[in-house]
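Novice: Mind folding the following:
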Amino acid sequence: MEFSQRLRELRAERKETQVQVAQAIEMTSRQYQGLEAGTSVPNFYNLCALADHFGVSLDYLAGRTDVR
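Specialist: Residues are numbered from 1 along each chain as shown. The predicted structure follows:
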């Protein structure tokens, strides 16, 4: 599964909006939309913040494993 798909899936599970996730990890909603659309990639800080926010490993978030 691609990073953007996994991100959308995790957000949907938590019933959060894109704006809510963006605010939680201190990024703009436009930047977050780009991540879900697959038009941009996160920097290391944002990748770690996303993994922490969703309670998953970096490998899971990056699609390297299906083990959360």
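Novice: show me where pLDDT drops low in the protein?
Specialist: 1 (pLDDT under 70).
Novice: separation between the residue nearest to Glu2 when sequence neighbours are not counted and Ala24?
Specialist: In space, and not counting its chain neighbours, Glu2 is closest to Gly63: 6.2 Å by Cβ to Cβ, 6 or more residues apart in numbering. Backbone N, C-alpha and C define where each C-beta goes, glycine included. Separation of Gly63 from Ala24 (Cβ to Cβ, to the nearest Å) stands at 21 Å.
Novice: Can you get me a residue count around the residue nearest to Glu2?
Specialist: Gly63 has 13 neighbours, counted by other Cβ atoms under 10 Å.
Novice: May I ask you to confirm that it is in contact with Leu7?
Specialist: No: between Gly63 and Leu7 there is no contact under Cβ atoms under 8 Å: 10.1 Å.
Novice: Could I get the full set of helices for this structure?
Specialist: All helices of the chain, identified by DSSP state H, fall at 3-13, 18-24, 29-37, 44-54, 58-61.
Novice: Nearest to Val67 among these would be which one?
Specialist: Of all the helices of the chain, it is helix 58-61 that lies closest to Val67, at 6.5 Å by Cβ to Cβ.
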